[in-house]
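**Student:** Structure of the sequence below:
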Amino acid sequence: MDYEFKKNTLDGSYHAIFSMGHEALGRWLIEEVGKDFSKIDAILAQIGALKNSTREWRLVGEDLTLSLQDNEALVQANYLFSEDDTELDEDMNFYDDECMSLCGFEDLEQMLHAWRAFVTRF
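**Tutor:** Numbers count the residues shown, from 1 in each chain. The predicted structure is shown next:
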């Protein structure tokens, strides 16, 4: 999983660009975590508590949810949890990568530490 963090010096906004298949992680990081160090600490604590466990932990956000289970982290758009059976146009399927991402606990931990260092520095 490759990523790059940037800060727009004109408006102070942060950006997280993630490799293909992990785009939802970048969106989740910016929209749901941001500079909330207490949220980062809570996620890191849960990762530590859940390593080699079968229990699950979820952090439900406004648009995206982080699920930790079986040493994997899944970020997915909340609308994917809905019971609505409305079919989307076939051309919309390519947006799935921006709605769901999966990575291991180690990758998520490394990314969160790198993010904290980045936003602290800038």
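
**Student:** and the helix or strand where Ala16 lies, which strands flank it?
**Tutor:** Assigned by DSSP states H and E, Ala16 falls within strand 14-18. Strands that pair with strand 14-18, judged by DSSP bridges, come out as strand 3-7 (antiparallel).

**Student:** contacting residues around the partner strand?
**Tutor:** Applying CB atoms under 8 Å, 6 or more residues apart in numbering, the contact partners of strand 3-7 are 13-19, 22, 25-26, 111, 114-115, 118-119, 122. C-betas here are computed from N, CA, C, even on glycine.

**Student:** Wasn't Thr65 part of a strand?
**Tutor:** Yes - counting by DSSP: H, G, I helix; E, B strand; the rest coil, Thr65 is part of a strand.

**Student:** Tell me which stretches of this protein form helices.
**Tutor:** For the chain, the helices defined by DSSP state H occupy 23-28, 37-50, 105-121.

**Student:** The shortest one - contacts with which helices or strands?
**Tutor:** So the one you mean is helix 23-28. With contacts defined as 3 or more CB pairs under 8 Å, 6 or more residues apart in numbering; DSSP states H and E, the packing partners of helix 23-28 are strand 14-18, strand 64-69, strand 72-77, strand 100-104.

**Student:** Include mean pLDDT and mean neighbour count when you put the helices of the chain into TSV, please.
**Tutor:** Shown next, in TSV, are these (pLDDT from 0 to 100; neighbours: other CB atoms under 10 Å):
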stretch	mean pLDDT	mean neighbour count
helix 23-28	96	22
helix 37-50	98	14
helix 105-121	98	15
